[in-house]
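In: need the 3D shape of this:
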Amino acid sequence: MSANRIRGLAIALTMGTAVLAANTTAQAQEPFRMIVTEQEVPLVQNSVMFLAQELGYYEEEGVTVEFVRVTDTTLAAAALQAGEGEMANIALDATMQMVANDVLDMMAVTSPNKFLPFLIACTDDVQSVADIAGKNFAINRVGSLDYGLSRMVMSAAGLDVDTVNYVPIGFTGPRAEALAARQVDCATMSIGVWLSIPDRTGLRIVVPVAEYGDAAPVVNKVNVVPADVLEDRRDDVEAVIRALTRLSRHYNENPDAWVQDMLEVRPDQDEETLTALAETFVGTWSVNGGMSAEELSFSVEQVFEGEEFAGLTAPELDDWVDFSIIDDILDDLGVDESSDAPTR
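Out: Numbering: from 1, shown residues only. Okay, here's the model as predicted:
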């Protein structure tokens, strides 16, 4: 072989290696798009999705995350279906609609905010759940999530839930306003909305967050990824979940750290309110990924009792849940025994 041909071959090999390296680097740096429904960092546990970016947790795990913001979970599901993101944080009922109707082949891989921090608040004359009988109880609508969960909670406390007068008002904010104005006697709302009521004189919490969650352990939201993303970008999916799990553990052990980090990204909030929230959240963070087979199965049963699921068949967990990634992470980090039991 001539010297010129050898030099030519060497140059070609060098160029080919350079192109391969460039393509590999580009692939490694390709943003991992996360579809979310919040326009700002929320005052609930899935704040970890946003704080993980602010604090460099994703970067530490070697993944670049970009947020695709939409206004509600229906649009989040549609955006995922359209390929506008690699992962979406969406409500369980929307997930079930997509799975049951065979709209998109996707898998739930984690849940950074599995439970809504709901509570039942009432006027001061309602001292216990038993006293709610015959009272006006604000709900979103008959058949809504808060309606079903609250009936479950009151039933667990021994109340005949059909003795309650349900008043459809709408979302949690208007329900709280109606309670504050004494237009209703009781309402279900999040702890954040409760703390935002300017004057809570004459109102009281009848069922606190922890008691509500124990009586109605229904998973609210899950993070889902299309099957092709799970196959093609598994390392990135694992990196994201590892970051979320690590940060959730940090906040569970150090509630004041969440307060200080939230003050940086939400200067519109006062420290007293954030501290009250942080204390409420202890024991509710997804320290093991938020993926309990028992809770997910129970949640699916509750979802399919809704009239919008009439005629649809509830899927098996294997059809829409992938435990393997969080299990690999837990094999490495160990199981946090404090809460969030990863039952299989």
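
In: Ala100 and Pro198, how far apart?
Out: 42 Å (CB to CB, to the nearest Å). For every residue, glycine as well, the C-beta is placed using N, CA and C.

In: go on, Glu84?
Out: The value you get for Glu84 to Pro198, if CB to CB is used, is 39 Å.

In: who are the contact partners of Val41?
Out: Ser47, Phe50, Leu51, Met262, Val265, Arg266 (CB atoms under 8 Å, 6 or more residues apart in numbering).

In: the more surrounded of Ala100 and Pro198?
Out: A direct count of neighbours by other CB atoms under 10 Å for Ala100 and Pro198 places Ala100 higher, at 19 against 6.

In: and the residue nearest to the more buried one when sequence neighbours are not counted, how many neighbours?
Out: Of all residues not flanking Ala100 in the chain, Leu312 sits nearest, at 4.3 Å (CB to CB, 6 or more residues apart in numbering). Residues near Leu312, counting by other CB under 10 Å, number 15.

In: list only buried entries from the contacts of Val41.
Out: Neighbour-count burial (16 or more other CB atoms under 10 Å) is assigned, among the contacts of Val41, to Ser47, Phe50, Leu51, Met262, Arg266.

In: closest to Leu247 out of the residues you listed?
Out: Leu51 (6.4 Å; CB to CB).

In: host element of the closest one?
Out: Under the criterion of DSSP states H and E, Leu51 resides in helix 48-54.

In: need the helices for the stretch 151-300 of the chain, in chain order.
Out: With helices called from DSSP state H, counting those that start in this stretch, the stretch 151-300 of the chain shows them at 172-180, 191-196, 209-215, 227-232, 234-253, 255-265, 271-281, 293-303.

In: quick one: low-confidence ranges for the protein?
Out: Within the chain, the stretches with pLDDT under 70 are 1-29.

In: tell me the domain boundaries of it?
Out: Listed by automatic domain parsing, the domain ranges of the chain are 31-115+219-333, 118-215.

In: could I get the full set of strands for this protein?
Out: Secondary structure of the chain by DSSP state E: the strands cover 32-36, 65-69, 87-91, 106-110, 118-123, 136-139, 165-168, 186-190, 203-207, 221-226.

In: spatially nearest residue to the spatially most central residue of the chain (excluding sequence neighbours)?
Out: In the chain, the C-alpha nearest the mean C-alpha coordinate belongs to Asn113, at 3.1 Å (CA atoms, centre = their mean). Excluding the flanking residues, the one nearest Asn113 by CB to CB, 6+ apart is Asn46, at 3.5 Å.

In: try Gly289
Out: Ile326 (3.6 Å).

In: who's in contact with the one you found?
Out: By CB under 8 Å, 6+ apart, the neighbours of Ile326 are Val109, Thr110, Ile241, Thr245, Asn288, Gly289, Met291, Pro342.

In: how about a cut-off of 7 Å?
Out: Val109, Thr110, Ile241, Gly289, Met291 (CB atoms under 7 Å, 6 or more residues apart in numbering).

In: what's the closest of the buried ones among the contacts of Val41 to Gly173?
Out: Arg266 (17.3 Å).

In: distance of the closest one relative to Ala133?
Out: On the measure of CB to CB, Arg266 and Ala133 end up 39 Å apart.

In: circling back to that earlier point, could I get the strands of the chain as TSV with mean neighbour count and distance to Gly283?
Out: Formatted as TSV, the strands of the chain follow (neighbours: other CB atoms under 10 Å; distance: least, CB to CB, whole Å):
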stretch	mean neighbour count	distance to Gly283
strand 32-36	21	24
strand 65-69	16	27
strand 87-91	25	21
strand 106-110	25	18
strand 118-123	23	15
strand 136-139	23	27
strand 165-168	15	30
strand 186-190	27	17
strand 203-207	19	17
strand 221-226	27	18
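
In: tell me which of those strands sits nearest to Ala178.
Out: Nearest of the strands of the chain (CB to CB): strand 136-139, 5.2 Å.
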